[in-house]
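Chemist: Quick one, structure for this:
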Amino acid sequence: MTVERVLLAEPRGFCAGVEMAIKALSWMVEAFDPPVYCYHEIVHNQLVVDRFREQGVVFVDDVDDVPAGAPLMLSAHGSAPEVVAAARDHDRVVVNAVCPLVTKVHHEARVRAGKGYTILYVGHEGHDEAEGALAVAPDAMRLVEHESDLDRVLPTVDDAGKVALLAQTTLSMDDWNGVLTRAREHFPELWTASRDDLCFATTNRQRALRALVERADAIVVIGSANSSNTIALTKVARAAGCERVLRVDGPEELDRDALGDARVVGVTAGASAPEDLVHAVIAELAPTEGVEMVHVTDEDEYFPPPPELRELQAKLGQRAR
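Modeler: Below you'll find the predicted structure:
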């Protein structure tokens, strides 16, 4: 079936944290002889990771695999405190590219744990961001992935008056709100941050996607399968009533049969997906009546380079491009 029109979400794609991390690693690639090491994938997008591998970046899951004195970047998802400490051993040149919004959650966890709170952390088991956050205060924190998990953790709460709720920044709003509502039923004095832990970019992309669903016959979400915010977008689209939702890494994964007789296709991209993939997917869809932008909000947030990188730049007299 011929696609007549593409509805393109705005905002979509790279967020401020991803931009910061990618620029920082790009600078390290230019400033140091290869290999440059990175603890975990810098962001969860296969194309981005593959491009850095081609430039000599070696991704590791254990900082002990990084030689003494080597340049090492810690990923945007945030790392466990012991990992950060171990990374700085052996005279390695370390740049921590953790997203400032993840740092905020780590800070909240340390403060609440220090005040004797039990912390319910809403996140995905095994995800890099969740593992890093849970390691900040392991004795105080309980992982809650679904509302049903509250039944398991409730008996572990010693003081119902001192319970906090924190979140992985890339959750869908539906997942967060569901756990929040039920947790408040059990803990009327539940502490939450004055500003939700959910990343503004994640929230904005979900809002823009809902605007697409109202008008589109099918939705294409661009991003990798291990990207939490990308998977959240697919969940949001289905929950909003779209029956045909495709997640693709790129145009080669577009399944025309899965689109069925869709004439209007909504397109968005997760916060780690490059814009060139968006253009490639639209070219593959080849809408006969063109592309219509669906604008929901502007994003003008900017995160400066990590402090360690700024110190390196000052020493070397260079600037990140």
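
Chemist: Work out for me the element Ala133 sits within.
Modeler: In the assignment (DSSP states H and E), Ala133 maps to helix 128-134.

Chemist: Please disregard the earlier target; I meant Val29.
Modeler: For Val29, the host element (DSSP H and E) is helix 16-31.

Chemist: That helix packs against which elements?
Modeler: Here helix 16-31 is seen to pack against strand 36-39, helix 46-54, strand 71-74, helix 100-114, helix 307-316 when contacts are counted using 3 or more CB pairs under 8 Å, 6 or more residues apart in numbering; DSSP states H and E. Heads up, the C-betas are built off the backbone N, CA and C, glycines and all.

Chemist: Pick out the shakiest of the ones you listed, pLDDT-wise.
Modeler: Mean pLDDT per stretch puts helix 307-316 lowest among those, at a mean of 88.

Chemist: And the contacts of it?
Modeler: Outside of helix 307-316, the residues within contact range by CB atoms under 8 Å, 6 or more residues apart in numbering are 24, 27-28, 31, 93-96, 304-305, 319-320.

Chemist: now stretch 224-239
Modeler: With CB under 8 Å, 6+ apart as the test, stretch 224-239 has contacts from 41, 43-46, 124, 127, 129, 168, 170-175, 199, 201-202, 205-206, 209-210, 212-213, 219, 221-223, 245, 247, 249, 266, 268, 270-273.

Chemist: returning to that earlier point: not counting the helix holding Val29 itself, show me its contacts.
Modeler: The contact list for helix 16-31 (CB under 8 Å, 6+ apart) reads 14, 36, 38, 42-43, 48, 52, 55-57, 71, 73, 75-76, 95, 97, 99-102, 199, 201, 271-272, 299, 301-306, 309, 312-313, 316, 318, 320-321.

Chemist: Name only those of those that count as buried.
Modeler: Those of the contacts of helix 16-31 that meet the buried threshold are 14, 36, 38, 42-43, 48, 52, 57, 71, 73, 75-76, 95, 97, 99, 101-102, 199, 201, 271-272, 299, 303, 305-306, 309, 312, 320, by 16 or more other CB atoms under 10 Å.

Chemist: The stretch 101-250 of the chain: strands as residue ranges?
Modeler: 118-122, 141-144, 163-167, 218-222, 245-248 (DSSP state E, counting those that start in this stretch).

Chemist: Tell me which of those lies nearest to Leu259.
Modeler: For the strands of the stretch 101-250 of the chain, distance to Leu259 was read as CB to CB. The smallest value, 5.0 Å, belongs to strand 218-222.

Chemist: Can you add distance to Pro138 and give the helices and strands packed on helix 16-31 back as JSON lines?
Modeler: JSON lines is the format used below for the helices and strands packed on helix 16-31 (distance: least, CB to CB, whole Å):
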{"stretch": "strand 36-39", "distance to Pro138": "19"}
{"stretch": "helix 46-54", "distance to Pro138": "28"}
{"stretch": "strand 71-74", "distance to Pro138": "19"}
{"stretch": "helix 100-114", "distance to Pro138": "9"}
{"stretch": "helix 307-316", "distance to Pro138": "26"}
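
Chemist: quick one: low-confidence ranges for the stretch 201-321 of the chain?
Modeler: Within the stretch 201-321 of the chain, the ranges that satisfy pLDDT under 70 run 318-321.

Chemist: just so I have it, where are all the helices in it?
Modeler: With DSSP state H, counting those that start in this stretch as the criterion, the stretch 201-321 of the chain has helices at 228-239, 256-259, 275-285, 307-316.
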